[in-house]
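[1] need coordinates for the following:
(one chain, ligands or ions: 2)
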Amino acid sequence: MVTVNNDQIAIEYIDGVYNKLQQSHSHEPEFLQAVKEIIYSLKPVFAQRPEYMKMSLLERIVEPERVVKFRVAWQDDSGKVQVNRGFRVQYSSAIGPYKGGLRFHPSVNESIVKFLGFEQIFKNSLTGQPIGGAKGGSDFDPKGKSDSEIMRFCQAFMTELHKYIGPHEDVPAGDIGVGAREIGFLFGQYNRIKAAYQPGVITGKLPRFGGSLARKEATGYGTVYFVQEMLKEINESFEGQTVVVSGSGNVSTYAIEKAQQLGATVVACSDSNGFIYDPQGINLDTVKDIKEVRAARIKEYIDVHPHATYTENCNKIWTVKCDIALPCATQNEIDEQSAQLLITNGVKAIGEGANMPSTLEAINIYFKNNVLFAPAKAANAGGVAVSALEMAQNSMRLFWSFEEVDEKLQEIMINIYNNSREAAKEFGHENNLLIGANIAGFIKVADAMIAQGVI
Ligand SMILES: NC(=O)C1=CN([C@@H]2O[C@H](COP(=O)(O)OP(=O)(O)OC[C@H]3O[C@@H](n4cnc5c(N)ncnc54)[C@H](OP(=O)(O)O)[C@@H]3O)[C@@H](O)[C@H]2O)C=CC1
Ligand SMILES: N=C(CCC(=O)O)C(=O)O
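    Ligands and ions are numbered 1, 2, ... in the order given. Predicted structure coming up:
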């Protein structure tokens, strides 16, 4: 008699779920990519815990609890009526209220918000905070819009979204294209509609009206803290390392800041048009002035620092030789070819500040070449972790100092690193932080789903 072992049963179970999803969601490639990366790494869990298969956990968790799609009509400065699409994917509330960012970018569609929301479930679980997974946004493009247009769009967007969110229901925050300005307009409209000041309904607020100190820095700092822990395994640190950070937005800016504080030389960063290379080290004050103050193009950096160079095509940033690469811009920005180039140029570590910045093929190249790899859902969890700390401060009507929040952030990132390493070792994939993070994040949610019945 042929005995089919547990591993075989587990892989057949995962194949069954994924093949069915592929048939019904072939038009959602980013969502399928995120699901594939996670669920196949859970094979050892299903092999060891058949009860999860019996309770159809995978079939349930890949299906969002709710997807809300809505029209957003608003008027631009010329009086023309504009129409955009709005989304909120409320993926899982097994371990807490829905929690996740809002992305305003022309590429936003249901596939994008579902990939982000699915990743968010396990990222939020890894933080140890009581927060479920969600994501939302719109295909609205903030670029080139006046403050008044952005305000009117945010008010129109929140007029619809407010029906589905709340401090105990669903708490949005920022992501690409949604910074403190947009959060302020969204928050103001919500409070106007509710006729009440409800600071816990959204995070990333300015500190002057309930935001947490260190939230702006949290994702970028947290990514560097996580990579720092990883480097300790090879008796290295950021000191003296050459670093490339893609993007020049919120995550990138503060990843650069923390890497520089730890003694690294950050030689390149980018925006969606191209990248700058400064062998003397990026002048972060100039980048902040260009991006945070003037919302201009990174190309203007070379006007201030003529020894630096600017190259059109942001993806070429990965041709720059570095010890540590921190992709902090957007999904799938490092493909197989760029990954191979990084390896050829001697990269030691990759730390994902963005969500899903490496393709599955690129990740395979990292593992084949034994490069230290800090996966996004673990490495960039600092932002949502401090969002949860903002929720805690709001509900207790307390206001912690920057140092208090930063200390909690460092502790959370070290815990995520240790829990991911321990899970990887326990389930037979020692040193594979991708598998470890997925397993550690999943088990907590899975056990909560089992305890709460078939819902
Ligand atoms: N904000 C947060 O709290 C967290 C964000 N993240 C993730 O980090 C990444 C960056 O987010 P964040 O810093 O908040 O966003 P920002 O809008 O502040 O910055 C995004 C940066 O990436 C660039 N960019 C955006 N889209 C593309 C693209 N398609 N190709 C190349 N470059 C692009 C932007 O360039 P340009 O200015 O030209 O548009 C900008 O420099 C995203 O993947 C996000 O999901 C992860 C965890 C937390
Ligand atoms: N955009 C974020 C932050 C989400 C949050 O702070 O709720 C992310 O974790 O991807």
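[2] any idea how far ligand 2 is from the closest residue to Gln452 other than its chain neighbours?
    Beyond its immediate neighbours in the sequence, the residue positioned closest to Gln452 (C-beta to C-beta, 6 or more residues apart in numbering) is Ala94, lying 6.6 Å away. Where C-beta positions appear, they are placed from N, C-alpha and C, glycine not excepted. Using C-beta to the nearest ligand atom, to the nearest Å, Ala94 is found at 17 Å from ligand 2.
[3] heads up, I number from 402, so please use that
    From this message on, residue numbering opens at 402, which makes the last subject Ala495.
[4] report the contact partners of Ala495.
    Neighbouring residues of Ala495 by C-beta atoms under 8 Å, 6 or more residues apart in numbering: 533, 846, 849-850, 853.
[5] swap in 6 Å and give it another go.
    Neighbour list for Ala495: 846, 849-850 [criterion: C-beta atoms under 6 Å, 6 or more residues apart in numbering].
[6] quick one: which helix or strand includes it?
    According to DSSP states H and E, Ala495 maps onto no helix or strand at all.
[7] now do the same end-to-end measure for stretch 537-555.
    Using C-alpha to C-alpha, to the nearest Å, one end of stretch 537-555 lies 13 Å from the other.
[8] which other residues reach it?
    475, 477-478, 485-489, 503-505, 507, 509, 514, 578, 583, 586-587.
[9] can you pull the phi/psi pair for Ile677?
    phi -110, psi 150 (degrees, to the nearest 10).
[10] helix, strand or coil: sort out the closest residue in space to it that isn't next to it in sequence for me.
    Nearest residue to Ile677, sequence neighbours excluded (C-beta to C-beta, 6+ apart): Tyr702, at 4.6 Å. Under the three-state scheme (DSSP: H, G, I helix; E, B strand; the rest coil), Tyr702 adopts helix.
[11] report pLDDT for Tyr702.
    pLDDT, Tyr702: 98.
[12] I'd say it and Gly675 touch.
    No - shown here, Tyr702 and Gly675 do not form a contact pair, counting by C-beta atoms under 6 Å, at 10.4 Å.
[13] where do the helices sit along the stretch 552-701 of the chain?
    For the stretch 552-701 of the chain, the helices defined by DSSP state H, counting those that start in this stretch occupy 581-595, 616-633, 651-662, 685-689.
[14] nearest to Lys722, out of the ones you listed?
    Judged by C-beta to C-beta, the one of those that comes nearest to Lys722 is helix 651-662, at 16.2 Å.
[15] would you mind pulling the contact partners of that closest one?
    By C-beta under 6 Å, 6+ apart, helix 651-662 touches 618, 620-622, 624-625, 639, 644, 646, 667, 670, 685, 727, 729, 754.
[16] what does stretch 575-586 give?
    Contact partners of stretch 575-586, identified using C-beta under 6 Å, 6+ apart, comprise 502-506, 543, 552, 555, 605-607.
[17] including distance to Asn816, pLDDT and neighbour count, could these go into JSON lines?
    Below are those laid out as JSON lines (distance: C-beta to C-beta, whole Å; pLDDT from 0 to 100; neighbours: other C-beta atoms under 10 Å):
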{"residue": "Gly502", "distance to Asn816": "22", "pLDDT": "98", "neighbour count": "25"}
{"residue": "Leu503", "distance to Asn816": "27", "pLDDT": "99", "neighbour count": "31"}
{"residue": "Arg504", "distance to Asn816": "27", "pLDDT": "99", "neighbour count": "24"}
{"residue": "Phe505", "distance to Asn816": "32", "pLDDT": "98", "neighbour count": "27"}
{"residue": "His506", "distance to Asn816": "31", "pLDDT": "98", "neighbour count": "19"}
{"residue": "Pro543", "distance to Asn816": "35", "pLDDT": "97", "neighbour count": "20"}
{"residue": "Met552", "distance to Asn816": "39", "pLDDT": "98", "neighbour count": "19"}
{"residue": "Cys555", "distance to Asn816": "35", "pLDDT": "99", "neighbour count": "28"}
{"residue": "Gly605", "distance to Asn816": "22", "pLDDT": "98", "neighbour count": "28"}
{"residue": "Lys606", "distance to Asn816": "25", "pLDDT": "98", "neighbour count": "23"}
{"residue": "Leu607", "distance to Asn816": "28", "pLDDT": "98", "neighbour count": "14"}
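[18] make JSON lines from those and add distance to ligand 2 to it.
    Listed next are the contacts of stretch 575-586 as JSON lines, based on distance: C-beta to the nearest ligand atom, whole Å:
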{"residue": "Gly502", "distance to ligand 2": "3"}
{"residue": "Leu503", "distance to ligand 2": "8"}
{"residue": "Arg504", "distance to ligand 2": "8"}
{"residue": "Phe505", "distance to ligand 2": "12"}
{"residue": "His506", "distance to ligand 2": "12"}
{"residue": "Pro543", "distance to ligand 2": "15"}
{"residue": "Met552", "distance to ligand 2": "21"}
{"residue": "Cys555", "distance to ligand 2": "16"}
{"residue": "Gly605", "distance to ligand 2": "6"}
{"residue": "Lys606", "distance to ligand 2": "11"}
{"residue": "Leu607", "distance to ligand 2": "15"}
